[in-house]
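> need coordinates for the below:
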Amino acid sequence: MRAMQIPSDHPLLLNIVDDLAACGWSQQNVFLSEALTLELAAECRKRAAEGELAPAAVGRGPAQEIREGIRGDHIQWLEPGQAQACDSYLELMDSLREALNRGLFLGLEDFECHFAMYPPGAFYKRHVDRFRDDDRRMVSAVVYLNEEWLPEQGGQLRMYLNDRGQYDVVPVGGRLVVFLSGEVPHEVMPATRERLSLTGWFRRRGNEPF
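Alright, predicted model coming up:
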């Protein structure tokens, strides 16, 4: 069944809200249906085959640069109306945005996300998702699109948590991990096979002047 917008008081969304309130992160092992996961993976590979995914930069604004020694993924940002599977995912994440606002009063206004394809051996060194000069990113959300992923294939999201040291998330298809953007350092470990995800951020209104 295709995932569409669901009520903001759905138990799955409330579990995420409770986890974020308690410890600053949440892992949901079955967030997307298998059908939607496969559709999104196919869309990502289609865009890659058409040359639409570009090497990701580090930094923001004029300081952006491609540095494969820091990150090696290829990305393309999602826009509404491009593909039905993507629109279904964006609707689902808007339901999560509403749940986060209702439960945590974060004032989240929008959600931005991109496909991320890591070639075998690519990685992303330890970092936090909130920029020093831009505090709009509040909550990070990563959903994985990989079929039949095995732990020995690598590609874990390694989070550095105050209360339990480091914690590895294996990038199994349909799995979602959510965490506070400015408070959870993390890195992407190299994998022996291509690794696909949708990586995004819930954002509040910025503090920049008009």
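> in which helix or strand would I find the residue nearest to Leu161 when sequence neighbours are not counted?
Using Cβ to Cβ, 6 or more residues apart in numbering and skipping the chain neighbours, the partner closest in space to Leu161 is Tyr167 (5.6 Å). Heads up, the C-betas are built off the backbone N, CA and C, glycines and all. Using DSSP states H and E, Tyr167 falls within strand 165-169.
> now that strand - C-alpha only, PDB.
Taking Å, rounded to 0.1, in the frame of the first residue of the first chain, the C-alpha atoms of strand 165-169 are listed here in PDB:
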ATOM      1  CA  GLY A 165      28.600   6.300  23.400                       C
ATOM      2  CA  GLN A 166      28.500   5.400  19.700                       C
ATOM      3  CA  TYR A 167      25.500   3.600  18.100                       C
ATOM      4  CA  ASP A 168      25.400   2.200  14.600                       C
ATOM      5  CA  VAL A 169      22.300   2.100  12.400                       C
END
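> and it, what other elements does it pack with?
Contacts defined by 3 or more Cβ pairs under 8 Å, 6 or more residues apart in numbering; DSSP states H and E place strand 165-169 against strand 157-161.
> between strand 165-169 and the strand it packs on, find me the angle.
On the basis of axes from the mean of the first three to the mean of the last three Cα atoms, to 10 degrees, strand 157-161 is oriented at 150 degrees to strand 165-169.
> strand partners (parallel or antiparallel) of strand 157-161?
Paired strands of strand 157-161, with direction, are strand 165-169 (antiparallel), strand 186-188 (antiparallel) (DSSP bridges).
> contact partners of that strand?
23-25, 126, 142, 166-169, 171, 177, 179, 184-189 (Cβ atoms under 8 Å, 6 or more residues apart in numbering).
> and those residues, which are buried?
Gly24, Trp25, Val142, Tyr167, Val169, Pro171, Val177, Phe179, Val184, His186, Glu187, Val188 (16 or more other Cβ atoms under 10 Å).
> widest-spaced pair of those residues?
Greatest spacing in the buried ones among the contacts of strand 157-161, by Cβ to Cβ: Gly24 and Pro171 (20.3 Å).
> okay, now the unreliable bits of this structure?
Residues of the chain that meet the criterion pLDDT under 70 lie in 1-4, 57-69, 131-133, 207-210.
> for it, what's the longest helix?
Counting residues, the longest helix in the chain under DSSP state H turns out to be helix 84-104.
> tell me what that helix is packed against?
Going by 3+ Cβ pairs under 8 Å, 6+ apart, helix 84-104 lies up against helix 11-23, helix 34-49, strand 108-118, strand 137-144, strand 195-204.
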